[in-house]
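1. Build me a model:
(chains A and B)
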Amino acid sequence: MNEIKTVDTRGLSCPQPAMLTRQAIQKLDNGTLEVLVDSGTARENVSRLAKNAGWAVTMEEQPEGSCRIVLKK
Amino acid sequence: MKFITKGAFISSISRFLTSRWGPIITGIVVGVLAPVLVKLGNPGNMGVCVVCFNRDIAGALGLHRAGVVQYIRPEIIGFVLGALIAALLFREFKPRTGSAPLVRFLLGMFATFGALVFLGCPWRAYLRLAGGDWNAIFGILGLIAGIGLGIAFLRSGYSLGRSRPAPKAVGWVMPAIMVTLLVLLIVAPQFGRDAGGNPIGPIFFSTTGPGSQHAPLLIALVVGVFIGFLAQRSRFCTVGAVRDAILLRDSRLLYGVLALLVAAFVTNVILGQFHPGFEKQPIAHTDGWWNFGGMVLAGLAFTLAGGCPGRQLFLAGEGDADSGLFVIGMIVGAGFAHSYSTASSAAGPGVFGPFAVIVGMIVCVVLGFTMRESKG
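-> Now for the predicted structure:
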């Protein structure tokens, strides 16, 4: 029902995962955002960026080795 | 119980290195050990230079015949293997490929053309500055300008597209190449000599010039592995440092580079290796314009490829075959740079150096405008 916007950064090189997340949270302002990452670097960069922008960050490991990061504000 | 303690110890190291302190610690380690490697035999202000060392490897393999820059540098081997060890230990060894590999090969070549006009990669640019070589200021300004241009392309939608998970064997190719290089370094096979008494290869080692200057093999290898391990965990990147500070207002990596600069400066002073000035700097020339121009190209190519040459080696150690191909592109590019006189020497830019920079800029700008993620 409530649509959650997804940013799929899997397979992208630096700095695109963090850059795409930054663009999305600037556009969204508040609400819920889901970011898919598949490297440790992207996971750290995305969560650091979101925390610094005041978003709450929760991470869910996915079975195929990627990670779903849920951002809320 | 013992297992839990060991696991907790390892994960606490990992947490520390992935925190904001990780790049700072890595920067300090590089900043201290690079001048120490110079003291132990490496060329001046070249304790670690990824481009120069790949160029020496290209020469040792006979890809160019510039007799003064031929040696298989153990530091490069160590960077990949150290990152591999860290990636295996922390479950980050993820073989992957498919993100425009051929374009990455080209970017590796052109980044090397640019860096060899300046005479150093970003790592050496910072190390040269910390040794008092003021010519490096032009190189670093060029690097920042090149990164800035790369950021403009990233903002306009530039992307090399997505990599995909690949079979395990793909991720082991670069580590296997590095082990092969190590064997070639130790065995140094010789097929004989020509009529003039010169070695005919297949492996060439300089007897004079920078290629003949090197720290003891085992020490250089261990330093390389140590740095590779730390950098894989801390995500240390000398190009990402500037890029993230400008693009994302994130200075985590920038503090790592600043730590490197300060640590290298202090170590150079202690070891008597700080010699401020423009003239007579080791393996450097004083042409400010081309020191700048070469690094604009290098900075742009590294940014378009997602990271500095060291970072490409660390990613290759994690199983990223696209970064591996970037590294191969660097080695091949170094072969061309010396065969076609585009690399500089202490006397100044090579005959075709400026031409190579202009061609490289055209190629990189065309890629910057045209590479977009293909949908569907």
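2. buried sites along stretch B:56-65?
-> B:56-61, B:63-64 (16 or more other Cβ atoms under 10 Å in any protein chain shown). No exception for glycine: its C-beta is placed from N, CA and C like everyone else's.
3. Hmm, B:Leu37 is touching B:Asn45, no?
-> No - assessed by Cβ atoms under 8 Å, B:Leu37 is found out of contact with B:Asn45, at 10.9 Å.
4. quick one, helices of the stretch 1-150 of chain B?
-> Using DSSP state H, counting those that start in this stretch, the helices of the stretch 1-150 of chain B run over residues B:2-18, B:21-39, B:50-60, B:74-89, B:101-118, B:122-130, B:135-155.
5. rank the ones you listed by pLDDT, which is bottom?
-> Note on the helices of the stretch 1-150 of chain B: helix B:2-18 shows the lowest mean pLDDT, a mean of 81.
6. quick one on the thing from earlier: tabulate the buried residues of stretch B:56-65 in TSV, adding columns for distance to B:Leu88.
-> What follows is those, written out as TSV (distance: Cβ to Cβ, whole Å):
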residue	distance to B:Leu88
B:Asp56	28
B:Ile57	24
B:Ala58	28
B:Gly59	31
B:Ala60	28
B:Leu61	27
B:Leu63	30
B:His64	34
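7. how about the residues of chain A near chain B?
-> A:10-16, A:18-19, A:22, A:38-41, A:44-45, A:48-49, A:52, A:65 (Cβ under 8 Å from any Cβ of the partner chain).
8. Go again with 10 Å.
-> Applying Cβ under 10 Å from any Cβ of the partner chain, one finds that chain A approaches chain B through A:8-16, A:18-23, A:38-41, A:43-45, A:48-49, A:52-53, A:64-66.
9. In PyMOL, select just the buried ones from the residues you listed.
-> Here is the PyMOL command that picks out the buried ones among the residues of chain A next to chain B, judged by 16+ other Cβ under 10 Å:
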select buried, chain A and resi 9+10+11+12+13+14+15+16+18+19+20+21+22+38+39+40+41+43+44+45+48+49+66
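10. Tell me which of the residues of chain A next to chain B fall in helices.
-> The members of those that map onto helices under DSSP state H are A:16, A:18-23, A:40-41, A:43-45, A:48-49, A:52.
11. And the furthest pair within those residues?
-> A:Gln23 and A:Gly40 (22.0 Å; Cβ to Cβ).
12. hang on, the earlier thing: so which of B:Leu37 and B:Asn45 has more stuff around it?
-> Neighbours per residue, other Cβ atoms under 10 Å in any protein chain shown: of B:Leu37 and B:Asn45, the larger number sits with B:Asn45, 30 against 21.
13. which residues touch the more buried one?
-> B:34-35, B:38, B:119-120, B:124-133, B:136, B:264, B:268, B:273, B:275, B:281-284 (Cβ atoms under 10 Å, 6 or more residues apart in numbering or on different chains).
14. Identify the residue nearest it in space, chain neighbours excluded?
-> Distances taken as Cβ to Cβ, 6 or more residues apart in numbering or on different chains place B:Gly131 nearest to B:Asn45, at 4.1 Å, with adjacent residues excluded.
15. Just give me the neighbour total for that neighbour.
-> A total of 28 residues lie near B:Gly131 under the criterion other Cβ under 10 Å.
16. Could you do B:Phe355 as well?
-> The tally of other residues near B:Phe355 (other Cβ under 10 Å) stands at 15.
17. Let me see the contact set for it.
-> B:113, B:340-342, B:349.
18. Within the helices and strands, which one has it?
-> Taking DSSP states H and E as the definition, B:Phe355 sits inside helix B:353-370.
19. how about low-confidence regions in chain B?
-> Along chain B, segments meeting pLDDT under 70 span B:1-4, B:376.
20. Quick check: closest non-adjacent residue to B:Ala111.
-> Leaving out its chain neighbours, the residue that sits closest to B:Ala111 by Cβ to Cβ, 6+ apart is B:Ala301, at 3.6 Å.
21. how close does A:Glu34 sit to A:Glu3?
-> Plainly put, A:Glu34 is 11 Å away from A:Glu3 if you go by Cβ to Cβ, to the nearest Å.
22. now do B:Val262
-> According to Cβ to Cβ, B:Val262 stands 49 Å off from A:Glu3.
23. again, but for B:Thr267
-> Distance, B:Thr267 to A:Glu3, using Cβ to Cβ: 55 Å.
24. B:Ser99 now?
-> Per Cβ to Cβ, B:Ser99 is found 29 Å from A:Glu3.
25. Show me which of these two is the more surrounded one.
-> B:Ser99 (24 against 7).
26. how about B:Met109, what does it touch?
-> Per Cβ under 10 Å, 6+ apart, neighbours of B:Met109: B:301, B:326, B:328-337, B:356, B:360, B:363.
27. repeat for B:Ile85
-> B:93, B:175, B:225, B:228-229, B:232, B:317.
28. same thing but at 8 Å, please
-> B:225, B:228-229 (Cβ atoms under 8 Å, 6 or more residues apart in numbering or on different chains).
29. Please identify which helix or strand holds the residue positioned nearest the centre of chain A.
-> Centroid-nearest residue in chain A: A:Val35, 3.1 Å away (criterion: Cα atoms, centre = their mean). Assigning secondary structure by DSSP H and E places A:Val35 in strand A:32-37.
30. Give the partner strands of that strand in its sheet and their orientations.
-> Strand A:32-37 pairs in its sheet with strand A:5-8 (parallel), strand A:67-72 (antiparallel), by DSSP bridges.
31. Give me the nearest residue to B:Arg155, chain neighbours excluded.
-> Excluding the flanking residues, the one nearest B:Arg155 by Cβ to Cβ, 6+ apart is B:Leu247, at 7.6 Å.
32. and the one you found, how many neighbours does it have?
-> 21.
33. surely it meets A:Met19?
-> Yes - at 6.4 Å, B:Leu247 counts as touching A:Met19 under the criterion of Cβ under 8 Å.
34. where do the contact lists of those two overlap?
-> Joint contacts of B:Leu247 and A:Met19 (Cβ under 8 Å, 6+ apart) are B:Leu154.
35. Pull the contacting residues for the one residue in the stretch 1-150 of chain B that gets nearest to chain A.
-> Across the stretch 1-150 of chain B, no residue is closer to chain A than B:Glu92, which sits at 5.2 Å (Cβ to the nearest Cβ). By Cβ under 8 Å, 6+ apart, B:Glu92 lies in contact with A:39-40, B:86, B:232, B:318.
36. And these, which two are furthest apart?
-> Taking Cβ to Cβ as the measure, those reach their widest spread between A:Ser39 and B:Ala86, a distance of 13.7 Å.
37. How many neighbouring residues does A:Leu36 have?
-> Other residues within reach of A:Leu36, judged by other Cβ under 10 Å, total 18.
38. so what's it bridging to?
-> Going by DSSP bridges, A:Leu36 forms beta bridges with A:Asp8, A:Arg68.
39. residue contacts, it?
-> Contact analysis of A:Leu36 by Cβ under 8 Å, 6+ apart lists A:6-10, A:62, A:66-69.
40. Report the buried residues of whichever strand or helix holds B:Val173.
-> Counting by DSSP H and E, the element that carries B:Val173 is helix B:168-187. Buried residues in helix B:168-187, counting neighbours by 16+ other Cβ under 10 Å, are found at B:170-175, B:177-178, B:181-182, B:184-185.
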